[in-house]
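Engineer: after the sequence you'll find the predicted model.
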Amino acid sequence: MADKVNFELVSPERLMVSDAFDMVVIPGGDGDFGVLPDHAPLISTIRAGVIAIHEGGNVAHRVFVGGGFAEVLPDRCTVLAEDAVMVADIDRADVEQRLKDAELDLRDAETDEARNRARKSVEMLGAMLDAGRAN
């Protein structure tokens, strides 16, 4: 039995994390789930929220993701995130402004597609703002 889980977090811009950790807690589409070494294989959607990366009994890193997919195998976990930022790097003023803009886009949306896109942005930015507050 391995004592670490190999974890990779990939955003559209770059490989954000690639290392072995004690545990990774992921905001799955159906609820949070923890990944430990020798985890059963699974694929899950990810909702907007914070991935908590545990090392030495503590949360070593917190990364906000705006959604995506996770693949878990017994020896590794890979997350493909739509958006990702270290929680410590969240600029609260910027997110608040982006949220206001997205709320205006939602209010002014004239098609179902535009409403759905704006609603998704409002939800993701609200979750990002909450993550930044908790830091």
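Structural biologist: Structure received.

Engineer: tell me the domain ranges of this structure?
Structural biologist: Domains of the chain are assigned by automatic domain parsing as 5-87, 90-134.

Engineer: what about the shortest one, start to end distance?
Structural biologist: It refers to domain 90-134. With Cα to Cα, to the nearest Å as the measure, domain 90-134 spans 11 Å from end to end.

Engineer: tell me who's in contact with Ile46.
Structural biologist: 26-29, 65, 67-70, 79, 81 (Cβ atoms under 8 Å, 6 or more residues apart in numbering). Yep, even glycine has a C-beta here, placed from its N, CA and C like the rest.

Engineer: most surrounded residue in those?
Structural biologist: Going through these with other Cβ atoms under 10 Å as the criterion, the one with the most neighbours is Val65, at 28 neighbours.

Engineer: which one is it nearest to, not counting chain neighbours?
Structural biologist: In space, not counting the residues next to it along the chain, Val65 is nearest to Ala81; the distance is 4.2 Å by Cβ to Cβ, 6 or more residues apart in numbering.

Engineer: the one you found pairs with what?
Structural biologist: Residues found in beta-bridge contact with Ala81 (criterion: DSSP bridges) are Gly68.

Engineer: just the mean pLDDT for the helix or strand where Asn116 lies, thanks.
Structural biologist: Following DSSP states H and E, the helix or strand that holds Asn116 is helix 112-134. Confidence over helix 112-134 (mean pLDDT, whole number) is 89.
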